[in-house]
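K.L.:
coordinates for the following, if possible.
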Amino acid sequence: MENKDTGKLYKQLTKESVGILFDNLNSENATLKYQSAKALLYLSEGDGQKLYPHFQKFVELFGSSNNILKWTGILVIGNLSKVDYENKISKTIDKLFGFLAGGELITANNSIKALTKIAQFKPEYQDEITKELLKIKSYSYETNECKNIVLGQAIVAFQTYIKLKNDKVINFVKAELKNPRPATAKKAEKFIKKFQKGANL
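P.N.:
The predicted model follows:
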C-alpha cells in the first residue's frame, strides 16, 4: 500500500472504525485478523494521531501468543513514537530491549526497527538504544545465520540515526566486515565507507 493510500485511509478513519479493527484482531477468521493487523500497521505509518490513544493496546500485543500480532504491536509502537507527546515510550522501551535478547530472529529484527524509529523521533533515547544494540554481539539466536541477520539489522539502525562519532559503534561495525553473511558484510562496508568519507559520525 502506498503512502497516498494510507493517507486516504486516515481521512476515512473514525473512532468506531479503529475499534472494529481492534475487534477483528480477536477474530477466528485468519484473513480478517491479519488484514486488520496490516491495516493498523499501515495507518501507524501516517501521522499516528488517531491511533495514539490506543497506544497501550498495541503494547498489550507484545504478550500475544500470535507472532503476527506481536510483531504488529512492536512495529506500531515504533511508529507511534513520532507522536508520543506523553512519553509513554518510557514505560515500554525496556520490553523492546528484552526482545533483543530473546533469541528469536524476527522478533529481534522488528524490535530493532521499532527502536530505530524511537531513536529518530525521540533522540533523548539514542544513547540508551545504542548501548542495548551493542549487546546483540553477546546474544544467542536460533542459528549463527540468524544472529548474522540481526547484526546486519543493527548496523542499518546505527547508520539511520548515529550522527556523531562513536568508537564503540564503529568497532562493532568493523568487526562485521568479514561477517560470513554477505548481506551483513555489505551493510558494514557501507557504514564504514560513509564514515571514511567524512560523514558526521
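K.L.:
all helices of the protein, in order?
P.N.:
Remark: helices assigned in the chain by DSSP state H are 3-12, 15-24, 30-44, 55-60, 67-80, 93-100, 105-121, 126-134, 144-161, 167-174, 182-196.
K.L.:
in TSV: the ones you listed, plus distance to residue 86, mean neighbour count and mean pLDDT.
P.N.:
C-beta coordinates here come from the backbone N, C-alpha and C atoms, glycine included. Output for these, formatted as TSV (distance: least, CB to CB, whole Å; neighbours: other CB atoms under 10 Å; pLDDT from 0 to 100):
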stretch	distance to residue 86	mean neighbour count	mean pLDDT
helix 3-12	21	12	49
helix 15-24	18	13	79
helix 30-44	16	18	91
helix 55-60	8	17	96
helix 67-80	11	23	97
helix 93-100	14	18	97
helix 105-121	14	22	98
helix 126-134	19	18	97
helix 144-161	22	20	97
helix 167-174	30	16	95
helix 182-196	34	16	92
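K.L.:
same list, those, but as TSV with distance to residue 87 please.
P.N.:
Formatted as TSV, the helices of the chain follow (distance: least, CB to CB, whole Å):
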stretch	distance to residue 87
helix 3-12	24
helix 15-24	22
helix 30-44	18
helix 55-60	11
helix 67-80	12
helix 93-100	10
helix 105-121	11
helix 126-134	13
helix 144-161	18
helix 167-174	25
helix 182-196	30
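K.L.:
mind listing what residue 24 touches?
P.N.:
Neighbour list for residue 24: 32-33, 35-36 [criterion: CB atoms under 8 Å, 6 or more residues apart in numbering].
K.L.:
and if you look at residue 62?
P.N.:
The neighbours of residue 62, taking CB under 8 Å, 6+ apart as the test, are 70, 73-74, 95, 99.
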